[in-house]
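S.K.: Quick one, fold the following:
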Amino acid sequence: MLTVVVVVVIYQQKKINQLADLSGLNQLYLDEENAFQGEEQGLENEIREQLPRSLSELKETKIISGSVKGVDKGKIRVEALIMDTERVKSDADLAAAPLIQKELEIILAKETFLVADKKPEQWIEGDSVVVVCKESVYESEKLTADTIFSPAEKYFQR
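M.R.: Below you'll find the predicted structure:
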């Protein structure tokens with residue numbers, strides 16, 4: 001009887017491993033640090049794929065995606081992953097330019113359109129947002145919001 005149980009367990013383990021191979025589960029990161037690094041790398045690759053291919057187009061970018069760092073009356077602070085334009089001198093530099101975390105001040109004007117589950121004064125640190133600005137995100141650290149989507153993942157799929 002014990003031999004039969006052992007054989008069944010071994011057989012089940014083989015089947016589980018085969019299913020994991022087929023579904024790609026065997027490639028998941030097992031420890032949290034590697035999983036976090038893998039997630040960050042995936043986000044960076046996703047951002048890079050969406051970036052313009054020329055410096056002039058990049059400098060016209062008016063959309064940021066990030067997380068709320070703070071809320072004050074009439075403005076929010078958002079931390080976003082953006083290209084370090086100080087290290088980009090030509091179109092050829094774009095592919096290798098580093099992405100940096102940058103905190104930006106977003107002014108909420110009377111005409112700012114909100115597509116959100118809650119009011120800005122109810123947002124807390126870490127809430128995800130996508131902000132369409134009136135000016136380029138590379139022109140200033142103080143921007144005026146045209147439209148804000150929150151939570152970002154509700155309106156934009158990865």
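S.K.: any low-confidence regions in the protein?
M.R.: Applying pLDDT under 70 to the chain picks out residues 1-52, 157-158.
S.K.: and with 90 instead?
M.R.: When residues are selected by pLDDT under 90, those of the chain lie in 1-64, 73, 81-100, 138-141, 151-158.
S.K.: got the domain boundaries for it?
M.R.: Listed domain ranges for the chain are 2-42, 53-155 (source: automatic domain parsing).
S.K.: where exactly do the strands run in the chain?
M.R.: With DSSP state E applied, the chain shows strands at 63-72, 75-83, 99-116, 128-133, 142-150, listed in chain order.
S.K.: Need the residues that contact the shortest one.
M.R.: When contacts are defined by Cβ atoms under 8 Å, 6 or more residues apart in numbering, strand 128-133 is touched by residues 62-68, 76, 78, 106, 123, 143-153, 155-156. (C-beta placed from N, C-alpha, C; glycine too.)
S.K.: give me that answer again for 10 Å
M.R.: Applying Cβ atoms under 10 Å, 6 or more residues apart in numbering, the set of residues contacting strand 128-133 from outside is 61-68, 76, 78, 80, 104, 106-108, 112-113, 115-116, 120, 123, 137, 139-140, 143-156.
S.K.: again, but for stretch 96-104
M.R.: Residues from elsewhere that reach stretch 96-104, judged by Cβ under 10 Å, 6+ apart: 40, 43-44, 47-48, 51, 55, 58, 64, 66-67, 69-70, 76-89, 131, 133, 137-138, 140-143.
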